[in-house]
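S.K.: here's a sequence, model it:
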Amino acid sequence: MWIVVASTVFRPPTPLVSAEPCGTHNGDFYVSNALDLDGLRGICEITGDLTITNLADPVPVELRGLELLVALAQSLVGTRDDADVLSLTTVGGGLTIKGNAFTDVDALSNLTSVGWLRIDHNDTLTNIDGLSNLTAAGRLQIFRNHALSNVDGLSNLTSVGGMHIYDNSALTNVDGLANIVAVGVGQMVFNSLGIYRNPALTNIDGLSNLTSVGGNLFIDDNDALTNIDGLSKITFLPGGLAIIGNDALTNIDGLSTSKAVRGDMWISSNSALTNLNGLSSLTSVGGRLDITRNKSLANIDGLSNLTSVGGDLEITGNEAHAPRRYASIHQVTQSPFFDSWHFHTLTE
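M.R.: Prediction:
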């Protein structure tokens, strides 16, 4: 039985400075046996990484010195359920919950903020309700938790850095994200939003209050997803947009308020998609526009207000279309003065 906290650090610690109750240890701290835990008595914050590893059974239930530890400035990685004795409120670096056999994370119920949160490969984890007091996360990744059916424990988050939710085979909704209004805004990296390869996910209504994404947005390979109405408050995307391989998706009406995409835009391999009416407000795409392999797509009339594309335009492999269905866009010409493409709507 063991806990690994920030397992990337494997050097002995500098000697702990004696501290009054609720003191701070500056730097990393390494624990390799139960006696080392006594050095954490009275410490509430560690400014570096805390590593606890290779503790033989039985580990004291209280993990001795850890009962007052409430803040880590760098990283926490828990590999077993021993973490339920930590009264953490803040992790300035990363919190990883990985490869565990437990069903919940109730032990982390005091946690209010993390630099980044990663929950992955927990085969029996059914809920993350223990994170219900979490209000701030710099980055969020939830993946390969095959028993996880919801993310309701994130209901108090209002903004995150990049957010990726994928390969959760039992996840049916993301309603727990309903209070998030911004993802990745103001960040140069790790600023994208991705929801992909969640085969039981039927909707993304939990994103209905989302207004801003700092980077790319991609909704890919969610086999049961029928609509993307949860994106209805997004008006501009400073990155790219990809809606790819969602076999049950019949419309993209959730994009009806989106006016511009600065990067590339891909609407591809959505076999049930019949129209692009959800793009009726779109006026410009800064990069490439690719509308391909949507077998049921009968027309592209939803692009009637699109005036410019900065990169290549490809509309191919949409088997249900007939040439006359493209009547809303008759001619594409390249401007000699601008690195962009302009659509000119002509009268028949």
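S.K.: just for the chain, where's the confidence low?
M.R.: In the prediction, the chain carries residues with pLDDT under 70 at positions 1-22, 29-44, 46, 48-88, 100, 321-348.
S.K.: now do the domain split for it, please.
M.R.: 1-88, 119-234, 236-348 (automatic domain parsing).
S.K.: between the two ends of the longest one, how far is it?
M.R.: Distances were taken as C-alpha to C-alpha, to the nearest Å; on that basis the terminal residues of domain 119-234 are 27 Å apart.
S.K.: tell me, how many residues neighbour residue 303?
M.R.: Neighbour count of residue 303, defined by other C-beta atoms under 10 Å: 24. All C-beta spots, glycine's among them, are computed from the backbone N, C-alpha and C.
S.K.: ok, it to residue 232 distance?
M.R.: 19 Å (C-beta to C-beta, to the nearest Å).
S.K.: ok, now residue 149?
M.R.: 24 Å.
S.K.: wasn't residue 116 part of a strand?
M.R.: Yes. Using DSSP: H, G, I helix; E, B strand; the rest coil, the assignment for residue 116 is a strand.
S.K.: partner residues bridging it?
M.R.: residue 94 (DSSP bridges).
S.K.: show me what contacts it?
M.R.: For residue 116, the contact set (C-beta atoms under 8 Å, 6 or more residues apart in numbering) comprises 93-95, 137-141, 161, 190.
S.K.: rewinding a little: who has more neighbours out of residue 149 and residue 232?
M.R.: More crowded of residue 149 and residue 232, by other C-beta under 10 Å: residue 232, with 20 against 15.
S.K.: isn't the more buried one right up against residue 258?
M.R.: No. Between residue 232 and residue 258 there is no contact, the gap being 9.1 Å when judged by C-beta atoms under 8 Å.
S.K.: what about residue 225? Give its phi and psi, please.
M.R.: Dihedral angles of residue 225 (phi, psi; degrees, to the nearest 10) stand at phi -70, psi 120.
S.K.: so it sits against residue 205, correct?
M.R.: No. In this structure, residue 225 is not within contact of residue 205 by C-beta under 8 Å, at 10.9 Å.
S.K.: more crowded one of these two?
M.R.: Using other C-beta under 10 Å as the criterion, residue 225 and residue 205 rank with residue 225 on top: 25 against 18.
S.K.: for the more buried one, what are its contacts?
M.R.: 201-204, 219, 246, 248-249.
S.K.: out of those, which is nearest to residue 282?
M.R.: residue 219 (16.2 Å; C-beta to C-beta).
S.K.: any idea how far that closest one lies from residue 225?
M.R.: 7 Å.
S.K.: what touches both of the two?
M.R.: With C-beta under 8 Å, 6+ apart as the test, residue 219 and residue 225 both reach 204, 246.
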